[in-house]
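Engineer: sequence first, predicted model second:
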Amino acid sequence: MFRITKKTLLAPNIYLMDVYAPRIAKAAKPGQFLIVRVHEKGERIPLTICDYNVEEGTVTIVTQTVGASTNLICAKEEGDAFLDVVGPLGRPSEFVEETLDDLKSKKILFVAGGVGTAPVYPQVKWLHQQGVDVDVIIGAKSKEHIILNEQMSAIAKNVYIATDDGSLGTKGLVTTVLTDLIENKGKAYDVVVAIGPMIMMKFVSLTTKKYNIKTIVSLNTLMVDGTGMCGACRVSVGEKILFTCVDGPEFDGHLVNFDEAMRRQIMYKSAEGQKLRKQEKESDESCQCEK
Amino acid sequence: MANKIPRIPVREQDPNIRRTNFEEVSYGYNSEEAMLEATRCLNCKKPKCVTACPVSINIPAFIQEIAKGNFVDAAKVIAADSSLPAVCGRVCPQESQCEGDCILGVKSEPVAIGKLERFIGDYANENQLNLAEVAAPNGFKVAIIGSGPAGLACATDLAKIGYEVKIFEALHKAGGVLEYGIPEFRLPKEKVVKAEIDNVRRLGVKIETDVVIGRTVTIDELINEEGYHAVFVGSGAGLPKFMDIPGENLNGVVSANEFLTRTNLMKAYDESYDTPIFVGSNVVVVGGGNVAMDAARTAARLGANVTVVYRRSKTELPARVEEVHHAEEEGIVFKLLTNPTEIIGDEKGWVKAIKCIKMDLGEPDASGRRRPIEVPNSEFEVKTDVVIMSLGTSPNPLISTTTPGLNLNKWQCIIADEKGQTTREGVFAGGDAVTGAATVILAMGAGRVAAKSIDEYIKDKYQN
Ligand SMILES: Cc1cc2nc3c(=O)[nH]c(=O)nc-3n(C[C@H](O)[C@H](O)[C@H](O)COP(=O)(O)OP(=O)(O)OC[C@H]3O[C@@H](n4cnc5c(N)ncnc54)[C@H](O)[C@@H]3O)c2cc1C
Ligand SMILES: Cc1cc2nc3c(=O)[nH]c(=O)nc-3n(C[C@H](O)[C@H](O)[C@H](O)COP(=O)(O)OP(=O)(O)OC[C@H]3O[C@@H](n4cnc5c(N)ncnc54)[C@H](O)[C@@H]3O)c2cc1C
Ligand code: SF4
Ligand code: SF4
Ligand code: FES
Ligand SMILES: [Mg+2]
């Protein structure tokens, strides 16, 4: 059992949790993920490792409720436990292997969308600790959905915000800000790291392609085992078919076939929808006794 | 005299009923049937059946005990060589192993060794027989990677002679292919797999699930930081192959491993479990091995019309005869001498058909089997919603790439000698990780051989 030692609400439907998993905390590197199973009949749900604390033996996850299983994860409270937590899975971010001189010579921009801000944070923090300063764009629906803004501002050189409704920062998409920085603000980047919804990563990659800026994306494909055993997570990268869980999750955004990846994500949508309806119905029923 | 009676048939679930449920197909023998069948064994002086069993179970000895009604003693005989009799009695390819060499098979039908072994395995589990004799702890620790048959067999033998043994398993449940691959209707999970794994636990073997060696912790760390004196790698061959034909990433194309993992490990066939599965009305399974049969029969139980597409003819089908027979009884259609060339999708990217080409058998190839050749202009389409690719698997490179000095051959299999010693000191390996996809009993045999080598290695190194 893997105990939840801390839980905080970051934004509507987005929760941060620290989970006691000492083996994972010790081995984790930026860019990797873990898999959570809440109960005996539960799915295996992949989540990015957003931070890790070797001394306390904890890892941090940030979960957005989008369906039945993420609902179950977020319904857990401090002191509760997950049945299974396995990781770290996937390959660490490329920059972990690079020399400090190489890193310092590069201008890096992170583009974070929605809950994707959570996995961006430890990467920025890691680089900041090495003395590498980076820029960050955070995008979300509205002001209240922007997460980790203050924490990020403390460690990044510049943080730019984009909201759909203009309630904070630029009104528009992260690509609006990205184009503006390059076209009008005289910014030149060597690498862009984009983490967020598939559709956002697709358009960031299309934009950076125009400027020929190397772009890394972190894919959230469907997964079952997360160890290379099932192929559910396969994705077309250039000419190759790769497994996100062992070859990724980070790939060259200019080579990923996003349309295929987005289509594959919805493969179980109707079945998953039924689970959600069932879950809602059950919670309705359980509420009746209180009425 | 004794062999005058014919082989006792085993009772099975009616095909029309069983294709709608996940309960076991074969009921197995009851005690009367088992005792009667046991009387057929000639108790040969030089039993050929024993040499044909990869773990050399003393077959005539346990069968004689059954004939006398001494089921506990029969169980003890088997336990000396196998920790998984209820599993092997069900899934061993007996017809080409023990039963294939039984002397009775020359003139009539061989003794039903597998069914008798299963009977005893089930008897031992149902009566919770404690057959384990464990030596006093010897102070040495061995780490086992993977809880499939290879790892379980290795762990059993080492625990019995006093080693402190821990199995590390990547998934959330122990058992390897027994748990995630072979379906419930051939190998019940609670009644058989869990029961036999509990027996292994009862020997003092610890199993830590949710640990991916090479990611969570490396072999070097197990040796240097956690104090293990030797390591056995029984990580199997779990990496699925695809065909590399157009359309393979369409929605509705899955590997047999994914399809079976969703149904077995994640129990998607049971609505109270959260993991979804997509079946559609028509399913095409590509391949002809045991795995293909399991996928086809699972899809049928989930309500689909199922067609198996295989490029050679019926005689070359690599699956066990019994499995093919069961599949046919359950209404699976076989399109033989047929090979897919393309998967066709609808405008939304979901599978709608699979394009195939007819094959002819030419001259025998290196494997001795006649090589299939395409018949020109014979392409045709089969309408389908789901395509399950069952083309074999290879070992996962996660462990080899994170263990310096552990070498692979050109098929990505770990190199190990006949004693299970790898190219890395203190590291042993066996089962599918070494041979590529094979059988449960060969994996167990390899685990046992490695256990012996590990014992010799540790005694040599530390006890002088
Ligand atoms: C490597 C990786 C890292 C991830 N990191 C995070 C994270 O840090 N925080 C977070 O909130 N989410 C993360 N996700 C996504 C998260 O796993 C899914 O949101 C979750 O599995 C949805 O399950 P559900 O049952 O709640 O919703 P469902 O009802 O199953 O699905 C809702 C939507 O999510 C898609 N989806 C379903 N299953 C998966 C899956 N296994 N992976 C991806 N998408 C899926 C569905 O197609 C659907 O569009 C990550 C995914 C991957 C692969
Ligand atoms: C669908 C199917 C049907 C089959 N039917 C039959 C049959 O009827 N009869 C028969 O004899 N054989 C059958 N086989 C083959 C048989 O199951 C295998 O040959 C046998 O299970 C191999 O045993 P193993 O212990 O080597 O590996 P596996 O059973 O594959 O077990 C390996 C274990 O190691 C774990 N693992 C892998 N990597 C790591 C890691 N890095 N860290 C920790 N753990 C790890 C895996 O999760 C797995 O649990 C079938 C196989 C399949 C897939
Ligand atoms: S383990 Fe397999 S080969 Fe050996 S006797 Fe039993 S069924 Fe036959
Ligand atoms: S070969 Fe057949 S008859 Fe002879 S001992 Fe073995 S099972 Fe009995
Ligand atoms: S999730 Fe199964 S292979 Fe990647
Ligand atoms: Mg779900």
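Structural biologist: Nice, thanks for sending it over. Ligands and ions are numbered 1, 2, ... in the order given.
Engineer: next helix or strand past the lowest-mean-pLDDT helix or strand in chain B?
Structural biologist: When the helices and strands of chain B are scored by mean pLDDT, DSSP states H and E, strand B:370-374 comes last with a mean of 89. Tracing the chain C-terminally past strand B:370-374 and defining elements by DSSP states H and E, one meets strand B:380-383 next.
Engineer: can you list the strands that the helix or strand just after that following strand pairs with?
Structural biologist: Sequence-wise, the next helix or strand downstream of strand B:380-383 (DSSP H and E) is strand B:386-389. Strand B:386-389 has the following strand partners under DSSP bridges: strand B:253-255 (parallel), strand B:282-286 (parallel).
Engineer: could you list the residues in contact with the longest one?
Structural biologist: With C-beta atoms under 8 Å, 6 or more residues apart in numbering or on different chains as the contact definition, strand B:282-286 has outside contacts at B:243, B:256, B:292, B:295-296, B:299, B:304-310, B:340, B:354, B:382-391. For the C-beta atoms, the positions are set from N, CA and C on the backbone; glycine is no exception.
Engineer: go again using 6 Å as the cut-off
Structural biologist: Under the criterion C-beta atoms under 6 Å, 6 or more residues apart in numbering or on different chains, residues B:292, B:295-296, B:299, B:304-309, B:340, B:354, B:382, B:384-390 lie in contact with strand B:282-286.
Engineer: mind naming the longest strand for chain B?
Structural biologist: Counting by DSSP state E, the longest strand found in chain B is strand B:351-364.
Engineer: so which elements touch that one?
Structural biologist: For strand B:351-364, the elements it packs on are strand B:338-345, strand B:370-374, strand B:380-383, judged by 3 or more C-beta pairs under 6 Å, 6 or more residues apart in numbering or on different chains; DSSP states H and E.
Engineer: got CSV for those, with mean neighbour count and distance to residue B:208 too?
Structural biologist: Formatted as CSV, the helices and strands packed on strand B:351-364 follow (neighbours: other C-beta atoms under 10 Å in any protein chain shown; distance: least, C-beta to C-beta, whole Å):
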stretch, mean neighbour count, distance to residue B:208
strand B:338-345, 19, 40
strand B:370-374, 15, 45
strand B:380-383, 14, 45
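Engineer: which secondary element of chain A has the worst mean pLDDT?
Structural biologist: Per-SSE averages on chain A (mean pLDDT, DSSP H and E): minimum helix A:269-288, a mean of 69.
Engineer: what about that one and chain B, touching?
Structural biologist: Yes - with C-beta under 6 Å from any C-beta of the partner chain as the criterion, chain B is reached by helix A:269-288 at A:271-272.
Engineer: okay, now the domains of the chain?
Structural biologist: In the absence of a named chain, chain A is used. Domain assignment for chain A by automatic domain parsing gives A:2-89, A:94-261.
Engineer: you looked at the wrong chain, it should be chain B
Structural biologist: Taken from automatic domain parsing, chain B resolves into B:2-126, B:141-238+B:394-463, B:242-391.
Engineer: how long is the last one end to end?
Structural biologist: This means domain B:242-391. End-to-end distance of domain B:242-391 (C-alpha to C-alpha, to the nearest Å): 7 Å.
Engineer: go on, stretch B:326-342?
Structural biologist: End to end - C-alpha to C-alpha - stretch B:326-342 spans 29 Å.
Engineer: just stretch B:221-238 next, same as before
Structural biologist: 24 Å.
Engineer: near residue A:103, how many other residues are there?
Structural biologist: 17 (other C-beta atoms under 10 Å in any protein chain shown).
Engineer: for chain B, what lies in contact range of chain A?
Structural biologist: Neighbours of chain A within chain B, by C-beta under 6 Å from any C-beta: B:170, B:172, B:210, B:212, B:215-216, B:238-240, B:249, B:251, B:255, B:257-258, B:261, B:272-276, B:349, B:396.
Engineer: show me which of those residues are buried.
Structural biologist: B:170, B:172, B:210, B:212, B:215-216, B:238-240, B:249, B:251, B:255, B:257-258, B:261, B:273-276, B:349, B:396 (16 or more other C-beta atoms under 10 Å in any protein chain shown).
Engineer: can you tell me the SS state at the closest residue to ligand 3 within the stretch 1-150 of chain A?
Structural biologist: As assessed by C-beta to the nearest ligand atom, ligand 3 sits closest to residue A:40 within the stretch 1-150 of chain A, at 31.6 Å. Of the three states, residue A:40 takes coil under DSSP: H, G, I helix; E, B strand; the rest coil.
Engineer: so how far is residue B:176 from it?
Structural biologist: Look at residue A:40 and residue B:176: by C-beta to C-beta, to the nearest Å, they are 20 Å apart.
Engineer: quick one: which of those two has more around it?
Structural biologist: residue B:176 (28 against 11).
Engineer: what does the pLDDT read for that one?
Structural biologist: In this model, residue B:176 is scored at 97, pLDDT.
Engineer: cool, and the one 5 residues further on?
Structural biologist: At residue B:181 the predicted local confidence, pLDDT, stands at 96.
Engineer: what's the closest non-adjacent residue to it?
Structural biologist: Once flanking residues are discounted, residue B:181 sits nearest to residue B:260: 5.3 Å by C-beta to C-beta, 6 or more residues apart in numbering or on different chains.
Engineer: go on, residue B:57?
Structural biologist: Nearest non-adjacent residue to residue B:57 (C-beta to C-beta, 6+ apart): residue B:81, at 4.7 Å.
Engineer: any idea which helix or strand carries the one you found?
Structural biologist: Short version, using DSSP H and E: residue B:81 is in no helix or strand.
Engineer: residues contacting whichever residue of the stretch 51-200 of chain A sits closest to ligand 4?
Structural biologist: Residue nearest to ligand 4 within the stretch 51-200 of chain A: residue A:84 (43.9 Å; C-beta to the nearest ligand atom). Neighbouring residues of residue A:84 by C-beta under 6 Å, 6+ apart: A:37, B:172, B:210.
Engineer: what sits against the closest residue to it other than its chain neighbours?
Structural biologist: Closest residue to residue A:84 apart from its sequence neighbours, by C-beta to C-beta, 6+ apart: residue A:37 at 3.9 Å. Neighbouring residues of residue A:37 by C-beta under 6 Å, 6+ apart: A:44, A:83-84, B:172.
Engineer: in strands, which of these appear?
Structural biologist: residue A:84.
Engineer: can I get the contacts of residue A:37 in a markdown table including pLDDT?
Structural biologist: Output for these, formatted as a markdown table (pLDDT from 0 to 100):
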| residue | pLDDT |
| --- | --- |
| A:44 | 97 |
| A:83 | 97 |
| A:84 | 97 |
| B:172 | 97 |
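Engineer: make CSV out of the contacts of residue A:37 and add distance to ligand 1.
Structural biologist: Shown next, in CSV, are these (distance: C-beta to the nearest ligand atom, whole Å):
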residue, distance to ligand 1
A:44, 8
A:83, 15
A:84, 14
B:172, 15
